[in-house]
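Undergrad: sequence first, predicted coordinates after that:
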Amino acid sequence: MLRVQTGLERFIESPPKWILGCRLGLLSNPASVDRNFRHACELINLTMPGQLGALYSPQHGFFAEKQDNMIESEDMIDPVLKIPVFSLYGQTRIPLKEMFDPIDVLIIDLQDVGTRVYTFIYTMSYCLEAAKKFGKKVIVLDRPNPVGGSVVEGNCLSSECKSFVGRFPIPMRHGMTIGELSLLFNSYICGTGCDLEVVAMKGWDRTMFFYETGLSWIPPSPNLPTTMSAMVYPGQVLWEGTNVSEGRGTTQPFEVFGAPFIDTEKILSDMGDSRSEGVILRPNVFEPTSNKWKGIPCRGFQIHITDPNKFNPYVFSLKLLKSICFHHKGEFEWKQPPYEYEYIRLPIDLIIGDKEIRRRIEKNDDIDEIARCWQNDLNEFIEISKGYHLYRKERGRNNFSNYAS
């Protein structure tokens, strides 16, 4: 198995000389570890003792303990270093001046999941903007995109659907690492222009899925417990905008989904033989212990990926969504607001990122035809994003420098 060296490991191995004496901040969570499971906070403090002045946490909290959306975490004092931990998913999602006052340099080490609606990348974008405003430098320690970097999938976000689960016009499965996204956001999309450096990985290429990296998967949030849950997430996150359970309250969130009213035979009839799409739908019954349909048996499916190179999670889940919507009129419903601090717009529109796609699903339009309509925008994004790629597609041929800016 190929071994990937993360940005954190490269940074600790050879930190830049200029950083000595700087007051440092760290935006991280429990997934911010090296291959020996040592946390970035510990490693930075050992390498640059006394320089960490503040810590910052994204959605789900510094310990990734908060289970669901819109569950805020509070500021606190780190029990070991006795320095402040500022929550960027609490009273504010945008860093305030007093939060950045204790630091000169913000280090960001977060495991993204390669999906537009995952809020970590927008927390990062707000930090880039705040760093520019308050005169701070940012270093992003890069990590793998768990669903790979060679496939880009889905419609780009429309301007009317902007929210904290979609700030910028990127597709659902964006095919970039968090370091590459930081360069894209900083230079092109929002033109922040803050003083930014990215510490690139070594040994990662765009064709890799996470299980090929040799790294251990640490859940970046409670409901992405495995690499398999991350693989299906770019499509299965759609159920958050419906009354169908996305598997929260089970041991396999996003891999299993269903509701008491689902007729699995009708859905299987619509989906046909999915093995050609690299996936098998296995009929399943589960009973959530929390969230939607708590304590009620749900009929649905578990998704089993048989070929990740053929599997397109977003289009596949859109087809499932259309089928369930068509066969269960009167029982299937769109979830009503609020959702991620939006109190008027439908959650499904914010997740899909385009109201018209939801309307066409309601009319039972063909999903492949819908996908053809977003292809021009997708192609444009692909060409733009290539300008910010730090990694090639050939395995074992990463010759990029340690730092990019």
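TA: Received it, and whenever you're ready, just let me know what you need.
Undergrad: in contact with Lys136, which residues?
TA: Applying C-beta atoms under 8 Å, 6 or more residues apart in numbering to Lys136 gives the contacts 100, 103-106, 130, 194-195. For every residue, glycine as well, the C-beta is placed using N, CA and C.
Undergrad: Ile12: how many residues sit nearby?
TA: Per other C-beta atoms under 10 Å, the neighbour tally for Ile12 reads 19.
Undergrad: excluding its backbone neighbours, what's nearest it?
TA: Spatial nearest neighbour of Ile12, chain neighbours left out: Leu43 (4.9 Å); criterion: C-beta to C-beta, 6 or more residues apart in numbering.
Undergrad: surely that neighbour is in contact with Arg10?
TA: No: at 11.7 Å, Leu43 does not count as touching Arg10 under the criterion of C-beta atoms under 8 Å.
Undergrad: and Cys373, helix, strand or coil?
TA: Here Cys373 is recorded as helix under DSSP: H, G, I helix; E, B strand; the rest coil.
Undergrad: secondary structure element holding Leu224?
TA: Under the criterion DSSP states H and E, no helix or strand holds Leu224.
Undergrad: let me see the contact set for it.
TA: Leu224 sits next to 113, 230, 233, 253-254 when contact means C-beta under 8 Å, 6+ apart.
Undergrad: show me the helices in the stretch 1-150 of the chain, by range?
TA: 7-13, 40-47, 97-100, 120-134 (DSSP state H, counting those that start in this stretch).
Undergrad: which strands or helices does the longest one pack on?
TA: Helices and strands in packing contact with helix 120-134 are listed as strand 24-27, helix 97-100, strand 105-108, strand 137-141, helix 178-184, strand 195-199; criterion 3 or more C-beta pairs under 8 Å, 6 or more residues apart in numbering; DSSP states H and E.
Undergrad: now for Glu277: which residues touch it?
TA: Going by C-beta under 8 Å, 6+ apart, Glu277 touches 310-312, 316.
Undergrad: please apply the same query to Asp377.
TA: 155-156, 169.
Undergrad: please repeat the previous calculation with a cut-off of 6 Å.
TA: Asp377 is in contact with Cys156, counting by C-beta atoms under 6 Å, 6 or more residues apart in numbering.
Undergrad: mind checking what secondary structure it has?
TA: Following three-state DSSP, we place Asp377 in the helix state.
Undergrad: start the count at 10 instead of 1 going forward.
TA: Yep, numbering from 10; the last one is Asp386 now.
Undergrad: pLDDT wise, what is it at?
TA: Per-residue confidence (pLDDT) for Asp386: 98.
Undergrad: roughly how far does it sit from Ile360?
TA: Counting by C-beta to C-beta, to the nearest Å, the separation of Asp386 from Ile360 is 17 Å.
Undergrad: what bridges to the closest residue to Met108 other than its chain neighbours?
TA: Using C-beta to C-beta, 6+ apart and skipping the chain neighbours, the partner closest in space to Met108 is Phe95 (4.6 Å). Counting by DSSP bridges, Phe95 is bridged to Tyr65.
Undergrad: could you report the distance from Phe95 to Val174?
TA: For Phe95, the distance to Val174 equals 21 Å [C-beta to C-beta].
Undergrad: His336 is nearest to which of the helices and strands packed on helix 129-143?
TA: Judged by C-beta to C-beta, the one of these that comes nearest to His336 is helix 187-193, at 37.6 Å.
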